[in-house]
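**Q** let's see this in three dimensions:
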Amino acid sequence: MYAETRPNGANIARSSSAGLPPPSRAMCWDVVASVGRIVSEEMPGGRVRHRLDFGWLDGKRIRVNSIPSPAGGGRRLPISDEKTAQRVLDAIRADMLSGKTLEQALAPYRVGAASEDLVETQLAHYLATWDKLVAQGKRSPNSLREIKTYARIGGAFEHWWGWSIHRITGADIADWQLLLGERVNPHTGGVISEKTQRNISDRFRTFLRWLHDRGRIAEVPRFPVIKTDRPVTKVLTIEDQRRVLDAIPYELRGAFLAAANHSLRMGEIRALTVDDYKDGRIHVARAIKGATVGAPTGGTKNDSEEWIEIWNPELVEWIEDRLGRLTSEERLRGEIILFSNPRADRDTNPTQQWTPSALRRVWDRACRQVGVDINFQQGTRHTTTTALAPHLPERLLRKFTRHRTGAALNHYTARVEAPKAATIREIMGRRPGP
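**A** Numbering: from 1, shown residues only. Got it, this is the predicted structure:
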């Protein structure tokens, strides 16, 4: 009877009558304290066996006869005495008091569940889910590659191997983050950057949130914030950006104009078809999720879609010229890439879709011609957004870049200076008098 009630503090609070105060912690403990009991039996030879009995749950008798060995490795130890049994029972009740269900509180102690509750076991399930999402175009293969790097032997997640997913606390996370601060970058020989430390920590927190969403753990432990320096991205002047664009052959220039003038991401540019252009606007709703020809297509980075008005006459002219050169045979073939790479080999790339490596090669060649050294992303999207940052309110800048949050704009606003006194006086002086 006591096991079938499966009480916990959260359920008790929800069942309170309207107008009555929520139950106190003491009241909740009175209920939880009735869950489970210690059973001691004398075995042949005079040895006493101790176990915990939780009655019937879902048609099964629930007992705990042993506990996981502190040494790990899936080994289990018998409950040696009544004092140990009481400690285990108190720990289970305390977990229920904190909001866990009976099943969640029992999970670390159940026979057969130990290996399934190990971090490395659940990480394997998590990566398998990611594999499916990437295949469906719903997640980036680059992100999956990053997570697999952390989860492999010698990776940053190896610290958690042998840990139960139910026993990770905020203090454990803080200790692990200190170890990340000592982790060596194998390529440079130095300590990994704070930005990398934060990326690793964020990836592990996302994994724990996935476990929580699936009901595997009752709560996600607190992750201390890893502070990083405000990012300052390398950019060009608008004049130098224009020089690089002019050095790109006209037949190839459309994709680069879209990136530089309208802040389109590389995957979004590659996914656009001629059907996404209408009356001087582009419909941005998809992105290529991979670096190869034929990589899956999924949603945009923020899972949003939007019709973007093209303000640059040169880009409108380029697109209209592109559409005007399409043959009837090409139109009958169906889906046609809007920003195609006419120099791509049709035998291996029938649609002549740009690949990231091809875009970077053309961009790098143009940069060398004009004497600048900057990558594609920094010279196009980052340069334009940084130039606009001092002149647009955050809301409009975020609308232009299609970032989900204002924090993501830190890359571009780092160079924005506080308004000078003369500017403030000019703005404030425009207010009508009393």
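**Q** excluding chain neighbours, what is closest to Ile238?
**A** Ala387 (5.3 Å; C-beta to C-beta, 6 or more residues apart in numbering). For glycine as for every other residue, the C-beta is placed from the backbone atoms N, C-alpha and C.
**Q** confirm that the one you found sits in a helix.
**A** Yes. Ala387: assigned to a helix according to DSSP: H, G, I helix; E, B strand; the rest coil.
**Q** in terms of pLDDT, where does it sit?
**A** Note for Ala387: predicted pLDDT of 86.
**Q** doesn't Glu239 make contact with it?
**A** No. With contact defined as C-beta atoms under 8 Å, Ala387 does not count as touching Glu239 (10.4 Å).
**Q** so between the two, which is more surrounded?
**A** Neighbour totals were compared for Ala387 and Glu239, and Ala387 leads with 16 against 7 (other C-beta atoms under 10 Å).
**Q** what about the more buried one, distance to Arg360?
**A** 22 Å (C-beta to C-beta, to the nearest Å).
**Q** before we move on, what about Pro296?
**A** Relative to Arg360, Pro296 is positioned 21 Å away (C-beta to C-beta).
**Q** tell me which residues touch Arg402, please.
**A** Ser263, Val284, Thr300, Lys301, Asn302, Ser304, Glu306 (C-beta atoms under 8 Å, 6 or more residues apart in numbering).
**Q** which of those residues has the most neighbours?
**A** Each of the contacts of Arg402 was scored for neighbours by other C-beta under 10 Å, and Val284 scores highest at 22 neighbours.
**Q** ok, that residue touching Thr300?
**A** Yes. In this structure Val284 lies within contact range of Thr300 using C-beta under 8 Å: 6.4 Å.
**Q** identify the contacts common to those two.
**A** Common neighbours of Val284 and Thr300, counting by C-beta under 8 Å, 6+ apart, are Glu268, Arg402.
**Q** what helices and strands are in contact with the longest helix that the chain contains?
**A** Using DSSP state H to define each element, the chain has its longest helix at helix 194-213. Packing contacts for helix 194-213, counted by 3 or more C-beta pairs under 8 Å, 6 or more residues apart in numbering; DSSP states H and E, involve helix 119-135, helix 141-151, helix 170-180.
**Q** pLDDT of it, averaged?
**A** For helix 194-213, mean pLDDT rounds to 95.
**Q** quick one, strands of the stretch 251-400 of the chain?
**A** With DSSP state E, counting those that start in this stretch, the ranges of strands along the stretch 251-400 of the chain come out as 277-278, 281-284, 287-288, 297-298, 306-309.
**Q** let me see the mean pLDDT of the third one.
**A** Pointing back at strand 287-288 there. Per-residue scores along strand 287-288 average to 88.
**Q** next one: stretch 350-358
**A** The average pLDDT within stretch 350-358 is 91.
**Q** so what touches it?
**A** The contact list for stretch 350-358 (C-beta under 8 Å, 6+ apart) reads 255, 266, 269-270, 288, 291-293, 335-337, 339-342, 344, 346, 349.
**Q** repeat the analysis, applying 7 Å as the threshold.
**A** With contact meaning C-beta atoms under 7 Å, 6 or more residues apart in numbering, stretch 350-358 is reached by 255, 266, 269-270, 291-293, 337, 339-342, 344, 346.
**Q** gap between the helix or strand just after the longest helix of the chain and the chain center?
**A** Once the chain leaves helix 194-213, the next helix or strand it forms, by DSSP states H and E, is helix 238-247. Distance of helix 238-247 from the chain centroid (C-alpha atoms, centre = their mean, to the nearest Å) equals 34 Å.
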